[in-house]
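Student: coordinates for the following, if possible.
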Amino acid sequence: MNTRISKLTLICDPGTSLSKVLYRVGRKGQLKHLTMSSEILKLDGNLVTNFKKSSEFGKPEDNAWLQTDERPRVGERRKGTREENDYSCYLVGRLAREYRASTSIRSLKYESIVPKIIAIVGAIA
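Tutor: Numbers count the residues shown, from 1 in each chain. Okay, the predicted model is just below:
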């Protein structure tokens, strides 16, 4: 089986009102851009099945969410939940806004940059 690996060049400004991205796929690919709302919302991963059914805005950058295997601390686990379902889910951009997220200007950008970048790469893919 042949596996093709492409190089992704990514420049991102994760602004407080809008995340702006320039990217190129491949060494000679055309420079493209996309924008995403800057909202990010961390939720209980048990809600992920609802996102699969109801989050279809059309454009990938408007439908960005990711699931992590990050487990809540023992004291934060909800009683009555199965441990294998205790994971985190991040909604990014428009999807976060639709779920009533508010832009967190008080938090530092580095606190939310990893989920934003992963969501951006997913939207490009």
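
Student: and Ser38, how many neighbours?
Tutor: Counted by other C-beta atoms under 10 Å, the residues lying close to Ser38 total 24. Any C-beta I mention is one placed from the backbone N, CA and C, and that applies to glycine too.

Student: right, and it touches Asp13 too?
Tutor: No - using C-beta atoms under 8 Å, Ser38 makes no contact with Asp13, being 10.0 Å away.

Student: overlap in contacts, those two.
Tutor: Ser19 (C-beta atoms under 8 Å, 6 or more residues apart in numbering).

Student: list the buried ones in stretch 16-26?
Tutor: Ser19, Val21, Tyr23, Arg24 (16 or more other C-beta atoms under 10 Å).

Student: mind putting those in a markdown table, distance to His33 and pLDDT included?
Tutor: What follows is the buried residues of stretch 16-26, written out as a markdown table (distance: C-beta to C-beta, whole Å; pLDDT from 0 to 100):
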| residue | distance to His33 | pLDDT |
| --- | --- | --- |
| Ser19 | 11 | 89 |
| Val21 | 6 | 95 |
| Tyr23 | 8 | 96 |
| Arg24 | 10 | 95 |
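
Student: what's the closest of those residues to Asp62?
Tutor: When these are ranked by distance to Asp62 (C-beta to C-beta), Ser19 comes first, at 12.2 Å.
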